[in-house]
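Q: here are the coordinates; sequence isn't available:
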Ligand SMILES: N[C@@H](CCC(=O)N[C@@H](CS)C(=O)NCC(=O)O)C(=O)O
């Protein structure tokens, strides 16, 4: 399989961590691209010009990290990161909330790199508010995150959250998301030492 890859993308990181946790990492050939430059090979795989995009062994292209993670869950023998049954919806909800943090944080970063405009600051503040509200919600649920301390207990929701928090450290280090959120901070402190997160830390 070919994975259109960027070492700094939190969405790509989530896919790579999911592949590692399910023992599929050596089946992924990483194709490093600059998605913002829209190289033809990426556009052929994903007309949205976004990473990650995956080309399967039988030549199909898959886009959007949740779809790619779901596909990886369907391969191999390891337990899926999205469980079946009633637990699925708790996991899917966390996955969506974590990706929402990442979406807002990535968008805010893009806004910060644009030329100055009157509405730019307001828009960035609005995006950051979404991050803050969602972090506060998850802080209230931090006790339920303790599950993610060994690989066998990871879900795609906890993987997504760890990647979202890692991205906040990477791009918003001056904002101290840990302040007033001891539960999330303690959880992050434990999970960031796991080899799959050490191995994929953004450079
Ligand atoms: N919903 C998508 C978002 C992917 C995304 O926005 N990736 C960024 C990199 S972090 C990208 O490729 N941006 C290029 C662009 O928007 O032109 C997913 O989950 O895969």
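A: Thanks, I have the structure now. Please read these numbers as outputs of a predicted model, since none were measured by experiment.

Q: Following element in sequence after the helix or strand of the chain with the lowest mean pLDDT, please.
A: Least confident helix or strand, the chain: helix 120-139 with a mean of 85, by mean pLDDT, DSSP states H and E. If you walk from helix 120-139 toward the C-terminus, the next helix or strand you reach (DSSP states H and E) is helix 156-171.

Q: report the angle between the axes of that next one and helix 120-139?
A: 140 degrees (axes from the mean of the first three to the mean of the last three C-alpha atoms, to 10 degrees).

Q: about what we covered before: touching the ligand at all, the least confident helix or strand of the chain?
A: No: on the criterion C-beta under 6 Å from any ligand atom, helix 120-139 is out of touch with the ligand, staying 13.6 Å away. C-betas here are computed from N, CA, C, even on glycine.

Q: Could I get the buried residue list for that helix?
A: Burial within helix 120-139, assessed by neighbour count using 16 or more other C-beta atoms under 10 Å, is assigned to 124, 127, 130, 131, 134, 135, 138, 139.

Q: what would the residues you listed look like in a markdown table with distance to residue 158?
A: Shown next, in a markdown table, are the buried residues of helix 120-139 (distance: C-beta to C-beta, whole Å):
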| residue | distance to residue 158 |
| --- | --- |
| 124 | 28 |
| 127 | 24 |
| 130 | 20 |
| 131 | 18 |
| 134 | 15 |
| 135 | 15 |
| 138 | 11 |
| 139 | 15 |
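
Q: relative to helix 120-139, how tilted is the strand or helix carrying residue 91?
A: Element membership for residue 91, per DSSP H and E: helix 87-113. If you take the same axes, to 10 degrees, helix 87-113 sits at 160 degrees to helix 120-139.
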